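Asks: What shape does this take:
(chains A and B)
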Amino acid sequence: GENVEQHPSTLSVQEGDSAVIKCTYSDSASNYFPWYKQELGKRPQLIIDIRSNVGEKKDQRIAVTLNKTAKHFSLHITETQPEDSAVYFCAASPTGNQFYFGTGTSLTVIP
Amino acid sequence: NAGVTQTPKFQVLKTGQSMTLQCAQDMNHNSMYWYRQDPGMGLRLIYYSASEGTTDKGEVPNGYNVSRLNKREFSLRLESAAPSQTSVYFCASSAQGRQETQYFGPGTRLLVL
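Replies: Sure thing, here's the model as predicted:
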């Protein structure tokens, strides 16, 4: 099956700086890559996703890039704010309804 | 709209006991999912139901059974709970099913002693 690796596991940045989280996947059939944000004690919520026919997608301060050849994708958060502090999960989906998640990155934005 | 709801929020079981986790969605979604979340391991898919009347195994199905009762409801059953099943369980749903946005419920925290 698919194997998704996520780095780093923890990340601290100063408010206003950028944060980058990276994921790699193993199954070349994966073609959908969502990112979820999970605040402490809350449910995961989708923040952005990208499909394999697109190399980059941006939504305000959040962007995702995809390199299919290298099998990696990254989440970029610019101008970080304290409310960005959370655990972020990447995921990859090869086909249908199967989703494989990374192990999460705990992001702390220091005011 | 309540979205995706789960009951109970928290449960303590003894080893060998059984229980059913309930999930319901009011978004008219076709697909529903059960995940477990363990520290340092992210979310792992237990079972999913692509549409009413169908269920399929995910990554970690052993020790669990599911029932898609109707389009709204998808339950997860532990027949004989084990300490290794201590986890937070999330139900999710999506509209069309194939690689669409998943909406998660609030989670059920299960402790097996």
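Asks: Pairing partners for whichever strand or helix holds B:T5, with directions?
Replies: Under the criterion of DSSP states H and E, B:T5 resides in strand B:4-7. Strand B:4-7 sits in its sheet next to strand B:19-25 (antiparallel), going by DSSP bridges.
Asks: Run through who's touching the strand it pairs with.
Replies: Strand B:19-25 has contacts (C-beta atoms under 8 Å, 6 or more residues apart in numbering or on different chains) with B:3-8, B:11, B:13, B:32, B:34, B:72-78, B:81, B:89, B:91, B:93, B:103, B:105, B:108, B:110. Yep, even glycine has a C-beta here, placed from its N, CA and C like the rest.
Asks: go on, stretch A:95-103?
Replies: The contact list for stretch A:95-103 (C-beta under 8 Å, 6+ apart) reads A:1-6, A:9, A:23, A:25, A:29-30, A:34, A:36, A:89-94, B:31, B:33, B:40-45, B:48, B:50, B:56, B:58-59, B:94, B:97-99, B:102.
Asks: List the buried residues for that stretch?
Replies: Using 16 or more other C-beta atoms under 10 Å in any protein chain shown as the test for burial, stretch A:95-103 gives A:N97, A:Q98, A:F99, A:Y100, A:F101, A:G102, A:T103.
Asks: I'd like to know which of those residues are part of strands.
Replies: Judged by DSSP state E, the buried residues of stretch A:95-103 include A:Y100, A:F101 as members of strands.
Asks: would TSV of the buried residues of stretch A:95-103 with pLDDT be doable?
Replies: What follows is the buried residues of stretch A:95-103, written out as TSV (pLDDT from 0 to 100):
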residue	pLDDT
A:N97	79
A:Q98	84
A:F99	89
A:Y100	92
A:F101	94
A:G102	95
A:T103	95
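Asks: can the buried residues of stretch A:95-103 go into CSV with extra columns for distance to A:F73?
Replies: Formatted as CSV, these follow (distance: C-beta to C-beta, whole Å):
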residue, distance to A:F73
A:N97, 20
A:Q98, 17
A:F99, 14
A:Y100, 13
A:F101, 13
A:G102, 10
A:T103, 15
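Asks: Let me know the closest of the buried residues of stretch A:95-103 to A:L75.
Replies: A:G102 (10.4 Å; C-beta to C-beta).
Asks: Grab the nearest non-local neighbour of that closest one.
Replies: Take A:G102 and drop its neighbours on the chain: the residue closest to it by C-beta to C-beta, 6 or more residues apart in numbering or on different chains is A:Q6, 2.9 Å away.
Asks: and that neighbour, how far is that from A:T95?
Replies: Distance, A:Q6 to A:T95, by C-beta to C-beta, to the nearest Å: 21 Å.
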